[in-house]
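Engineer: what's the 3D shape of this:
(one chain, ligands or ions: 1)
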Amino acid sequence: MAKGSEWAQYSALYQIYPRSFKDSDNDGVGDLKGIVDKINYLKGEVDSLGVDAIWISPFYKSPMADFGYDVSDYYKIDPLFGTMGDFQQLIRKARKHDIRVMLDFVLNHTSDQHKWFKESRVSRDSPKRDWYIWRDPQPDGSPPNNWQSAFDGPAWEYDAATEQYYLHTFLKEQPDLNWANPEVRKAMAEVMQFWFEKGVDGFRIDAVHWIGKDKELRDDPPNPNFNPETMSSYDSVLHTHSGRQPVLFKYLKELATVAKKYKRSLLITESYPDRDGKPHTFSDYIDFYRNVDASVLVPFNFEGIRLPWDAQAFQKSIDSYQEALRDHEMPVYAFSNHDSPRIAARYGQKGARAIAVLSFGLPGLPMMYYGDELGLDNVRIPPEDRRDPVGWTVGDKVHRQSRDPERTPMPWTEAVYGGFSQVKTWLPVGKKNMRRNVAEQQRNPHSTLRLYRQLLTLRRESDILRYGTYQPVRQENMNIMAFIREYQGQKLAVMINFSHIRSHLPPLTGELVISTHQKVDGAARLKPMEARIISLE
Ligand code: GLC
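Structural biologist: Below is the predicted model of the structure:
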């Protein structure tokens, strides 16, 4: 099999942000029972989407300073989301429909309300002191080094009781665990094992490169491209020492060993290459394949979240990534998630449909963020309704904007609150998104939801899409991105017109398999913003 493990056979991995999928108990926030109620939407009925794997963002016990990415007990479910019984029901129902379930593993930090941290901060001699990263102030009282929080400001918080600073790469309510301490690694491996035993199939691993820190905690070098007018303090330095040290692969190998005990398990890592103005190399991703165990651990490729709407940029980025990968290394291209503006907000509705075709045309495991299939757009959130702490600390002036607009509730029907809940929802559903509700799109044969369903079916049925090789198509038209997938002599071509004008196709002829457009222009031309898959003769 080319490019990928058994997971590449799956139609898509669908990310559920549980606060916003479906509210079953009418408190305005989504929950696990809500997911159970909607499993049939994902798979199991004639008009289901056809998704066969889900990743659920954190639902562990949490004070919700960062909406669940601040875990205060890895073994408990936050009452807001339900009970362990609800989780078990979810696993049972998912199993019944042959849907794999992945959880979110938040391993770099805990909540400051976690019992480990509470114990750690009691005294300098606490047995848990070394589970976190504590250091003395510099002689002038300032933080131990210049590391910056990803959410703005210094990454250190002074604790008056013990007169030391602790490190937090994110909020001060999210102290970093000390992964250099074997006891921490053992405790975290046990957490993973616990959930595997409960029946999960894998994990998305959060903010993973921060677990590899410089032993001596040396200062990060200054970023020569820093502009304080437009960037947050996080970008004032290059994160050379605060993360991404090769020791992180050793730690990940330990987790991969746990995962490998479970059949068909998969770990997918979240690690964004630094945005320091220089073009980065793909090694920031590729290292994860080569240094751990590519049969069980693969990285997300986030380039598609950052690329401008430009055929050549997409072609170059994907061609080089495919070129860099070895046969057994399964790519996971992400075009959206709970930390990035919606695809439709970046590229418009037509662009979002084209991305759908691209993402299912590519090798590897396709990724969807809930609501992508409806073409959901970012929702404008009035300042008084803002919930994301990043929106508070960094503000909208810099590139780290509030993430609320892409985390709004899923609109199921045209009913009040989009049928997501019967009471006021934690974030507004948004008028435009309401009109894109599931019920409406299920009725409309040309809706984005129907396009996704077709793509999922095609992917399930096509060995070429699942196992085929990738070959770029070199052609003259700068507005078109194109590539060929081939398996056992059979070929499909995927073509996307990034421009607002009709464009001549690359010299490829064949039968139309799928198009973003209802009426196509025949073999010779792609319509503005059309994406098409054809079967080559
Ligand atoms: C990851 C998550 C993000 C979270 C952060 C801290 O980047 O995707 O939502 O805020 O880690 O855990």
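Engineer: List the residues that contact Ile286.
Structural biologist: Residues in contact with Ile286 (CB atoms under 8 Å, 6 or more residues apart in numbering) are Ala324, Leu325, Glu329. Using the backbone N, CA and C atoms, a C-beta is placed for each residue, glycine as well.
Engineer: Show me which of those are buried.
Structural biologist: Leu325, Glu329 (16 or more other CB atoms under 10 Å).
Engineer: Closest to Gly202 out of the contacts of Ile286?
Structural biologist: Closest approach to Gly202 among those (CB to CB): Glu329, at 16.6 Å.
Engineer: and the closest one, what element?
Structural biologist: In this structure, Glu329 sits in neither a helix nor a strand according to DSSP states H and E.
Engineer: again, but for the one 10 residues further on
Structural biologist: Following DSSP H and E, there is no helix or strand that holds Asp339.
Engineer: Could you do the one 5 residues further on as well?
Structural biologist: For Ala344, the enclosing helix or strand under DSSP H and E is helix 343-361.
Engineer: helix or strand right after that helix?
Structural biologist: strand 367-369.
Engineer: That following strand near the ligand anywhere?
Structural biologist: No. Strand 367-369 does not reach the ligand (CB under 6 Å from any ligand atom); its nearest approach is 11.4 Å.
Engineer: I'd like to know how far Glu197 sits from Lys261.
Structural biologist: Noted for Glu197: a distance of 10 Å to Lys261, by CB to CB, to the nearest Å.
Engineer: Would you confirm that Phe59 contacts Leu32?
Structural biologist: Yes. In this structure, Phe59 is within contact of Leu32 by CB atoms under 8 Å, at 6.4 Å.
Engineer: Give me the common contacts of those two.
Structural biologist: Common neighbours of Phe59 and Leu32 (criterion: CB under 8 Å, 6+ apart): Pro18, Ile77, Phe81, Gly82, Phe87.
Engineer: Among the residues you listed, pick out the one closest to the ligand, please.
Structural biologist: Pro18 (12.9 Å; CB to the nearest ligand atom).
Engineer: Which residues are in contact with the closest one?
Structural biologist: For Pro18, the contacting residues are Gly30, Asp31, Leu32, Gly34, Ile35, Ile56, Ser57, Phe59, Gly68, Phe81, by CB under 8 Å, 6+ apart.
Engineer: try Ser126
Structural biologist: Applying CB under 8 Å, 6+ apart, the residues contacting Ser126 are Glu119, Ser120.
Engineer: So it versus Pro221, what's the distance?
Structural biologist: 33 Å.
Engineer: same thing with Asp23?
Structural biologist: According to CB to CB, Asp23 and Pro221 sit 47 Å apart.
Engineer: between the two, who's got more neighbours?
Structural biologist: The neighbour comparison of Asp23 against Pro221 (other CB atoms under 10 Å) goes to Asp23, with 25 against 13.
Engineer: What residues does Asn146 make contact with?
Structural biologist: Contacts for Asn146 (CB under 8 Å, 6+ apart) come out as Pro154, Asp219, Asp220, Val237.
Engineer: I'd like the distance between it and the ligand.
Structural biologist: 21 Å (CB to the nearest ligand atom, to the nearest Å).
Engineer: shouldn't Val429 be in contact with Leu376?
Structural biologist: No. In this structure Val429 lies outside contact range of Leu376 using CB under 8 Å: 9.9 Å.
Engineer: Pull up the pairing partners for the one helix or strand Met481 maps to, direction included.
Structural biologist: Using DSSP H and E, Met481 falls within strand 480-487. Partner strands and pairing direction for strand 480-487 (DSSP bridges) are strand 469-472 (antiparallel), strand 490-497 (antiparallel).
Engineer: and Pro507, how many neighbours?
Structural biologist: Going by other CB under 10 Å, the residues that sit close to Pro507 add up to 9.
Engineer: got it, and Asn145?
Structural biologist: Asn145 has 22 nearby residues by other CB under 10 Å.
Engineer: Do I have it right that it meets Arg218?
Structural biologist: Yes. Assessed by CB under 8 Å, Asn145 is found in contact with Arg218 at 7.0 Å.
Engineer: And for stretch 267-277, what's in contact with it?
Structural biologist: Counting by CB under 8 Å, 6+ apart, 13, 55, 102, 105, 202-209, 223-225, 235, 238-239, 244, 252, 255-256, 259, 280, 284-285, 288, 296-300, 302, 306, 332, 399 sit against stretch 267-277.
Engineer: Now do it, average pLDDT.
Structural biologist: For stretch 267-277, mean pLDDT rounds to 85.
Engineer: now stretch 123-130
Structural biologist: Mean pLDDT, stretch 123-130: 98.
Engineer: and what of stretch 169-180?
Structural biologist: Averaging pLDDT along stretch 169-180 yields 98.
Engineer: What is the end-to-end distance of that stretch?
Structural biologist: Length of stretch 169-180, first residue to last, CA to CA, to the nearest Å: 16 Å.
Engineer: For that stretch, which residues meet the burial criterion?
Structural biologist: By neighbour count with 16+ other CB under 10 Å, stretch 169-180 contains the buried residues Thr169, Phe170, Leu171, Lys172, Glu173, Gln174, Pro175, Asp176, Leu177, Asn178, Trp179, Ala180.
Engineer: In the stretch 101-250 of the chain, which residue sits nearest the ligand?
Structural biologist: Counting by CB to the nearest ligand atom, the stretch 101-250 of the chain gets nearest the ligand through Ala207, at 4.0 Å.
Engineer: how near is the closest residue to that residue other than its chain neighbours to Thr425?
Structural biologist: In space, and not counting its chain neighbours, Ala207 is closest to Asn108: 4.8 Å by CB to CB, 6 or more residues apart in numbering. Counting by CB to CB, the separation of Asn108 from Thr425 is 30 Å.
Engineer: does the most centrally placed residue in the chain sit in a helix or strand, and which one?
Structural biologist: Nearest residue to the geometric centre of the chain (CA atoms, centre = their mean): Asn337, 4.4 Å. Using DSSP H and E, Asn337 is not contained in any helix or strand.
Engineer: show me the contacts for it.
Structural biologist: Per CB under 8 Å, 6+ apart, neighbours of Asn337: Gln15, Ile305, Met367, Tyr369.
Engineer: give me the number of residues near Lys115?
Structural biologist: 12.
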